[in-house]
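Enquirer: Sequence first, then the predicted structure, then my questions.
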Amino acid sequence: MAWLTWRQHRSNAAFLGAMLLVLGVAVIYLSIAGAGLLAEVRSCNAALGACGAMQTWFNSDMQEWWQLLLMAVVVTPVLIGMSVGAPLIPRELEGGTHLLAWSQGVPRRRWFLIRAALLVVGAALAAAVLAAIAQGWFAMQRDLVGGGAVLTIWSGFDIAPPVVIAYTVFAVALGIAAGAALRRTQAAMAVTLGGYIVVRVSIAVLARWRYLSPVVFHQLAGGQLTASPPAPGPGDWWLSTSVWFDAAGHPLNAVSVSKLISPCTGNTQATCPRALQGVYALVQYQPGSRFWLFQGIEAAIFVLLAAGLLALAHRLVLRIR
């Protein structure tokens, strides 16, 4: 079974291996090429703050390469699911080879479990290599620009190893389940692509920031922040906010607040109009210390979804006549 699985998917494995090799060589080359730029940024006088690192970042080719690599890591899981997972069942049904495969002393249950396990494990290993390559490049970019507002740890959430592996396992399972349900390769690939995009975007936009309750602090209208809880730092994930309130806790119109704040430009809180005193916004953020916990939560979500899809595919395969 293992040898047969390898023979049927060796072209996919060769393509994926070649892509990983190209990305790995590119990261090594760019790391060497950017070593001088990185050393220059690190040697800047600390008193100069960013030392022009941000401008250096935008003027170099590093940003474009980072975007290309990020795109490659984001789309690779679904490509694996479409090219490896989706054709698994339809290929046998469309060619009629399932009649032979399931009648040669290999029950369809065993056939499915072995084939699915080999594909999932192989895809997960490839995803781990891909994520490792991406992390090496991301770490260099963070050093180059000094982190902060340009690249925080949260900027690399979608390319960290736990979630990249989980995304890939989910994509393969989704492809297998779509193939078992639709029994047509092209239809299964289309459903895999659409389903993967819907689930990924929905969880990233609607669920990720809710894994734990955000830290909430008050931002005074003059720009000052309250001391407790602490204001977000460079590695924290700012969330969209902001409902304004007066000192009594009543909601305020944003336009009215803007009119109150405008005279405060360039002044301290103490010199702002008296009407501004006590006006504040509730600002939310996720601390950087929660990054790996959120990684584990999201990876667990996708692994559980993958397990459910594989169970569904197994049930559908046993019903094929």
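Expert: Happy to help now that I have it. Numbers count the residues shown, from 1 in each chain.
Enquirer: Can you tell me how far residue 110 is from residue 135?
Expert: Going from residue 110 to residue 135 by CB to CB, to the nearest Å gives 37 Å. C-beta: built from backbone N, CA, C; applies to glycine.
Enquirer: ok, those two, which is more surrounded?
Expert: Remark: of residue 110 and residue 135, residue 135 carries more neighbours, 17 against 12, as counted by other CB atoms under 10 Å.
Enquirer: which other helices and strands contact whichever strand or helix holds that one?
Expert: In the assignment (DSSP states H and E), residue 135 maps to helix 108-145. Here helix 108-145 touches helix 2-33, helix 35-42, helix 53-59, helix 62-80, helix 88-95, helix 161-182, helix 291-319, going by 3 or more CB pairs under 8 Å, 6 or more residues apart in numbering; DSSP states H and E.
Enquirer: Show me what the mean pLDDT comes to for that helix.
Expert: Here helix 108-145 scores 81 as its mean pLDDT.
Enquirer: Okay, buried residues for that helix please.
Expert: For helix 108-145, a neighbour-count test (16 or more other CB atoms under 10 Å) marks 108, 111-112, 115-116, 118-120, 122-124, 126-127, 129-131, 133-135, 137-138, 140-142, 144-145 as buried.
Enquirer: how many neighbours does residue 32 have?
Expert: Residue 32 has 9 neighbouring residues, counting by other CB under 10 Å.
Enquirer: The residue nearest to residue 183 when sequence neighbours are not counted and residue 29, how far apart?
Expert: Of all residues beyond its chain neighbours, the one nearest residue 183 is residue 93 (5.1 Å), with distances taken as CB to CB, 6 or more residues apart in numbering. Separation of residue 93 from residue 29 (CB to CB): 45 Å.
Enquirer: ditto for residue 310
Expert: Using CB to CB, residue 310 is found at 39 Å from residue 29.
Enquirer: which of the two has more neighbours?
Expert: Taking neighbours as other CB under 10 Å, residue 310 and residue 29 compare with residue 310 leading, 23 against 11.
Enquirer: Flag the shaky bits of the stretch 1-150 of the chain, pLDDT-wise.
Expert: The stretch 1-150 of the chain contains residues with pLDDT under 70 at 1-13, 16, 30-31, 33-63, 94-106, 140-150.
Enquirer: and if you look at the stretch 201-321 of the chain?
Expert: For the stretch 201-321 of the chain, applying pLDDT under 70 flags the ranges 219-229, 231, 240-242, 246-248, 254, 256-278.
Enquirer: Run through the strands of it in chain order.
Expert: Using DSSP state E, counting those that start in this stretch, the strands found in the stretch 201-321 of the chain span residues 215-220, 237-238, 244-245, 251-252, 280-286.
Enquirer: Dump the ones you listed to TSV, plus mean neighbour count and distance to residue 23.
Expert: Formatted as TSV, these follow (neighbours: other CB atoms under 10 Å; distance: least, CB to CB, whole Å):
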stretch	mean neighbour count	distance to residue 23
strand 215-220	16	36
strand 237-238	18	27
strand 244-245	20	46
strand 251-252	12	50
strand 280-286	19	29
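Enquirer: picking up where we left off before, most tightly packed of the helices and strands packed on helix 108-145?
Expert: helix 161-182 (a mean of 27; mean count of other CB atoms under 10 Å).
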